[in-house]
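**Student:** Provide a 3D model corresponding to the input given below.
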Amino acid sequence: MTIPSLVFALLIASLYGVLYHLIRNGGLGRLLLFLIFGWAGFALGHLVGVWRGWVFIPVGELNLGLSTLGSLMLLALGDLASRARTTRANGLSDRDNRV
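**Tutor:** Below you'll find the model as predicted:
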């Protein structure tokens, strides 16, 4: 991949992370989390497309379609995992155990 392709990919993946953050709300920590998930998913989607030989919406050397799908899937999974509540052995969550 050329440097302009990498910069374009980083820009698009960052845009996905920021837009997801605006839709789902959250603070600065969540913005950083969504940016990382957006970048990782974009890269994984592109690499899966290269590995399997699948091409969906190519833009130069970038497989934009599969990269977008990878980014959105990882953003959704990461959001779901980050919002999961933990429970203790007594069945109460940390929020239910207030004094």
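**Student:** How far does the longest helix anywhere in the chain sit from its chain's centre?
**Tutor:** Using DSSP state H, we find that the single longest helix of the chain is helix 28-52. Chain-centre distance of helix 28-52: 5 Å, with C-alpha atoms, centre = their mean, to the nearest Å.
**Student:** after it comes which helix or strand?
**Tutor:** Going down the chain from helix 28-52, the next helix or strand is strand 58-59, by DSSP states H and E.
**Student:** If I follow the layout properly, residue 75 ends up in contact with residue 38?
**Tutor:** Yes. At 5.8 Å, residue 75 and residue 38 qualify as touching, with contact defined as C-beta atoms under 8 Å. Backbone N, C-alpha and C define where each C-beta goes, glycine included.
**Student:** Mutual contacts of these two, please.
**Tutor:** 16-17, 20 (C-beta atoms under 8 Å, 6 or more residues apart in numbering).
**Student:** Adding neighbour count, write the residues you listed out as TSV.
**Tutor:** Compiled in TSV, those are given as follows (neighbours: other C-beta atoms under 10 Å):
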residue	neighbour count
16	23
17	27
20	22
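**Student:** residues near residue 52, how many?
**Tutor:** Counted with other C-beta atoms under 10 Å, the neighbours of residue 52 add up to 9.
**Student:** residue contacts, it?
**Tutor:** Counting by C-beta under 8 Å, 6+ apart, residue 52 has no contacts.
**Student:** how near is it to residue 45?
**Tutor:** As judged by C-beta to C-beta, to the nearest Å, residue 52 and residue 45 stand 11 Å apart.
**Student:** In the longest helix of the chain, which residues are buried?
**Tutor:** By 16 or more other C-beta atoms under 10 Å, the buried positions in helix 28-52 come out as 30, 33-35, 37-46, 49.
**Student:** Measure how buried the residue lying closest to residue 61 once chain neighbours are set aside is and give me the count.
**Tutor:** Nearest residue to residue 61, sequence neighbours excluded (C-beta to C-beta, 6 or more residues apart in numbering): residue 5, at 4.8 Å. When neighbours are defined as other C-beta under 10 Å, residue 5 has 14 of them.
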